[in-house]
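Novice: Would you be able to build a 3D model of this:
(one chain, ligands or ions: 1)
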Amino acid sequence: MKTPTIPFLDLSALHQAHRDEYLAAIGEVIDQSAFAGGPVVSQFEEDFARFCGTRHAIGVGSGTDALWLALLALDLNPGDEVITVAATFLATAEAITWAGGRPVFIDIDPVTYTMNPALIERAITPRTRAIIPVHLYGQMADMDPILELAQRHGLAVIEDACQAHGAEYKGHPAGSLGAFGCFSFYPGKNLGAFGEAGALTTSDEQLAQKIAVLRNHGQERKYHHSQVGWNARMDGIQAAVLRLKLPELPYHNRLRREIARLYDTALADCPHVQVPHVAPGCVHSYHVYAVRVPERDRVAAALAERGVSTGIHYPIPVHLTDAYRALGYRRGSLPVTERWAAEVLSLPMFPQLAFAQAETVAAELRGAVETLNAIPALTS
Ligand SMILES: *Cc1c(COP(=O)(O)O)cnc(C)c1O
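Specialist: Numbers count the residues shown, from 1 in each chain. Below you'll find the predicted structure:
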């Protein structure tokens, strides 16, 4: 294997720059003993709501918690259906299942890889309660038709914005368009904690209050439990770290977009490689920069040989996982999603990736694709 290896993600490069400030912020939480919830969490919630252009943000334990609590707040009945996509991380579907619902997967747009709004209407049944579009890789789903259909059919829209901190759709920040936006602060996300954390955004006062109670054992006030909730509070230490990082997020997202432009340009005329499409009116946050390439696994192996680490998001679409076999989907059920899963390849993408490294990644990808002889054309 060639050295040096270009990493897929390097968090230490991000954290070394502000190590002392992180330690000081964590020190303040220790001095206040405000570890579970508390004032630092409230401060972060205010900052994050402002960032997303919503009235409220509620800090929780993870992005999975956020999705699950959003669905609990809708009071699903057992067997209620929630329309979503299979081109996502499993958590989107898990939240539906554990809230008592049944995920109904529809196919994605072949170009943006987000929910295809044209397929929503025929998936609606009398049991449908909500729609969860996923802002995959940091590009928001086509929200206008989704919101319009949801309103017409009386359905709630929950944005899975776990990959889309700072993304925009026609001027609207991710998390500001649905009844809820659900965010993850898993360490590798565009805004990452030093552990697990997540948040919901909403501008609905009642829904915000409902989540605040649910995440804290259903307590309206201490030891007065109005309902069965759960422990889904955010840690004070995570809030302190996130609060420190948030002001830098727009700059980091800008750097990601610059790296993306570099990749776009360097790969524009590379036969067989399809670079990501940014839909008109969308600002992409490039949590993931995924190209499409035939013979994806061979290309990834060749890149590893050439010292470039890559990722696959995601190799098995949710409807074909063992976990969801019981729902009865088969290979062929969601053809666009299945082709996407077979052909996407994520290139190194993080704000500290040097432009020279990105140039190398693009050059090695071109080399790898050209070397693999008789590579068939993309299937779409
Ligand atoms: C990361 C992620 C989640 C889950 O977030 P966690 O904080 O890891 O629980 C959900 N949906 C998508 C699309 C994600 O990328």
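Novice: can you pull out the strands in the stretch 1-150 of the chain?
Specialist: All strands of the stretch 1-150 of the chain, identified by DSSP state E, counting those that start in this stretch, fall at 56-60, 81-85, 102-106, 128-131.
Novice: can you put the ones you listed in a markdown table and add mean neighbour count?
Specialist: All C-beta atoms are positioned from the backbone trio N, CA, C, and that covers glycine. Below are those laid out as a markdown table (neighbours: other C-beta atoms under 10 Å):
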| stretch | mean neighbour count |
| --- | --- |
| strand 56-60 | 28 |
| strand 81-85 | 26 |
| strand 102-106 | 21 |
| strand 128-131 | 23 |
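Novice: Save the ones you listed as a markdown table, and put in distance to G195 and mean pLDDT too.
Specialist: Below are those laid out as a markdown table (distance: least, C-beta to C-beta, whole Å; pLDDT from 0 to 100):
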| stretch | distance to G195 | mean pLDDT |
| --- | --- | --- |
| strand 56-60 | 13 | 98 |
| strand 81-85 | 27 | 98 |
| strand 102-106 | 28 | 98 |
| strand 128-131 | 29 | 98 |
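Novice: would you turn those into a markdown table with distance to F44?
Specialist: As requested, the strands of the stretch 1-150 of the chain are exported to a markdown table (distance: least, C-beta to C-beta, whole Å):
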| stretch | distance to F44 |
| --- | --- |
| strand 56-60 | 6 |
| strand 81-85 | 28 |
| strand 102-106 | 31 |
| strand 128-131 | 27 |
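Novice: Quick one: these as CSV, columns for distance to the ligand too.
Specialist: Output for the strands of the stretch 1-150 of the chain, formatted as CSV (distance: least, C-beta to the nearest ligand atom, whole Å):
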stretch, distance to the ligand
strand 56-60, 9
strand 81-85, 10
strand 102-106, 13
strand 128-131, 15
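Novice: Quick check: bridge partners of P103?
Specialist: Beta-bridge pairing for P103 (DSSP bridges): V82.
Novice: surely it meets V85?
Specialist: No. Contact criterion C-beta atoms under 8 Å: P103 and V85 do not qualify, at 9.4 Å.
Novice: Give the residues shared as contacts by the two.
Specialist: T92 (C-beta atoms under 8 Å, 6 or more residues apart in numbering).
Novice: Just want the residue of the stretch 201-350 of the chain that's nearest the ligand.
Specialist: Closest contact between the stretch 201-350 of the chain and the ligand, by C-beta to the nearest ligand atom, is at H287 (7.4 Å).
Novice: Now do the contacts for that residue.
Specialist: Contacts of H287 by C-beta under 8 Å, 6+ apart are Y137, G138, Q163, A164, H165, K189, N190, M349.
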